[in-house]
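Visitor: Predicted model and sequence follow; I will ask about them next.
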Amino acid sequence: MPAQADEPPSPAARHPDERRRKLLACLAAASLGSARAWAPQPVPVAIGENSSRPFVEPLLKLIGESAGISWQLQSAPWARVLALAERGQSLAFGMARTTEREKLYAFSQPVFDNHVWMLIRRDQALDFRSLDDLRDRTVCISRGTSYGGRFDAIKGKQVRVEYVDGDLGARLRMLIAGRCDMTLGSHRSPDPWLIERRARQLSGLGAAIAVLPVPLAVEPVHFGVGHGSPLEALLPRIDQAVKRQRVAIRALVDSEL
């Protein structure tokens with residue numbers, strides 16, 4: 001039986017260096033693809049369209065850099081911010097934690113405290129000592145916003161509410177027009193003068209508005225997202241970043257940004 005002729009060696013076999021080069025190229029391509037797959041993507045975070053961006057943006061930057069998170073920031077009406085977070089499409093920043101919201105959302109640890117202030121017409125008198133002093137009054141508020149669990153529990157019951165779209169300036173115009181006895185606004189500062197200054201800037205109403213000296217509520221501000229969302233896994237990292245940057249966050253809160 002005649003001997004079978006040997007097959008000619010492949011080019012790669014004839015040139016081991018060429019084979020090694022191709023192997024390394026394949027490994028490099030696989031490594032690059034893996035790196036791209038694991039590269040951190042911007043994390044969507046939504047804030048209310050009336051948030052103070054000169055304060056919020058540096059705060060998010062500080063937390064993001066410490067947590068190793070790059071933010072994809074968007075602003076929207078607050079009701080939409082809550083809907084995006086509930087569906088897991090975005091984290092929400094600026095949320096108060098309430099019993100009702102805990103059924104829908106997972107929360108970070110508190111980032112800072114927000115103060116809910118009561119604004120009235122200066123020609124009115126109100127000696128506020130407890131929520132009972134608001135009984136049968138009409139309060140202008142934003143839809144979907146929490147002004148503290150105790151107030152949320154009585155609105156529409158002991159207290160009449162008028163929902164107003166827009167920012168604090170829109171609610172103040174309703175107040176001056178006599179559509180409500182009071183409106184509520186929030187500010188991170190415990191100094192009522194700062195919310196009064198903001199009210200004057202937004203409304204141009206000057207001395208027509210007064211702020212009661214005692215806040216209605218002091219509510220911690222959180223990140224939040226719907227239960228079961230993949231974004232929920234980021235909350236412990238955010239908590240650690242907030243803990244590490246507590247002093248810097250305090251400085252931002254106390255600033256006039």
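Guide: Perfect, I can see it now.

Visitor: My guess is L134 contacts R160. True?
Guide: No: contact between L134 and R160 fails when scored by CB atoms under 8 Å: they sit 9.5 Å apart. The way it works is simple: take the backbone N, C-alpha and C, and place the C-beta from them, glycine included.

Visitor: What is the three-state secondary structure of V81?
Guide: Three-state secondary structure (criterion: DSSP: H, G, I helix; E, B strand; the rest coil) places V81 in helix.

Visitor: element containing the residue sitting nearest the centre point of the chain, please.
Guide: Against the mean C-alpha coordinate of the chain, by CA atoms, centre = their mean, the closest residue is F93 at 0.9 Å. Under the criterion DSSP states H and E, the helix or strand holding F93 is strand 91-95.

Visitor: Go through that strand and flag the buried ones.
Guide: For strand 91-95, a neighbour-count test (16 or more other CB atoms under 10 Å) marks L91, A92, F93, G94, M95 as buried.

Visitor: and which of those is nearest P192?
Guide: Using CB to CB, the shortest approach to P192 within the buried residues of strand 91-95 belongs to G94, at 20.5 Å.

Visitor: Please give me every residue in contact with that closest one.
Guide: In this structure, G94 makes contact with I47, G48, S51, V56, V81, V221, judged by CB atoms under 8 Å, 6 or more residues apart in numbering.

Visitor: Out of the residues you listed, which sit inside helices?
Guide: Taking DSSP state H, the ones among those that sit in helices are V56, V81.

Visitor: So for the helix or strand hosting P58, mean pLDDT?
Guide: Secondary structure from DSSP H and E places P58 in helix 53-67. Along helix 53-67, the predicted local confidence has a mean pLDDT of 96.

Visitor: how big is the angle separating that helix from strand 91-95?
Guide: 120 degrees (axes from the mean of the first three to the mean of the last three CA atoms, to 10 degrees).

Visitor: who does helix 53-67 touch, helix- and strand-wise?
Guide: Contacts defined by 3 or more CB pairs under 8 Å, 6 or more residues apart in numbering; DSSP states H and E place helix 53-67 against strand 43-48, strand 71-76, strand 91-95, helix 235-244, helix 246-254.

Visitor: Can I get it in PDB, CA atoms only?
Guide: As requested, the backbone C-alpha atoms of helix 53-67 are provided in PDB (Å, rounded to 0.1, in the frame of the first residue of the first chain):
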ATOM      1  CA  ARG A  53     -28.900  72.900  40.900                       C
ATOM      2  CA  PRO A  54     -26.100  75.200  42.100                       C
ATOM      3  CA  PHE A  55     -26.300  73.200  45.400                       C
ATOM      4  CA  VAL A  56     -27.400  69.700  44.100                       C
ATOM      5  CA  GLU A  57     -24.900  69.300  41.300                       C
ATOM      6  CA  PRO A  58     -21.800  69.800  43.500                       C
ATOM      7  CA  LEU A  59     -23.300  67.500  46.100                       C
ATOM      8  CA  LEU A  60     -23.900  64.700  43.600                       C
ATOM      9  CA  LYS A  61     -20.400  65.200  42.200                       C
ATOM     10  CA  LEU A  62     -18.900  64.800  45.700                       C
ATOM     11  CA  ILE A  63     -20.900  61.700  46.500                       C
ATOM     12  CA  GLY A  64     -20.400  60.200  43.000                       C
ATOM     13  CA  GLU A  65     -16.600  60.600  43.000                       C
ATOM     14  CA  SER A  66     -16.400  59.000  46.400                       C
ATOM     15  CA  ALA A  67     -18.700  56.100  45.400                       C
END
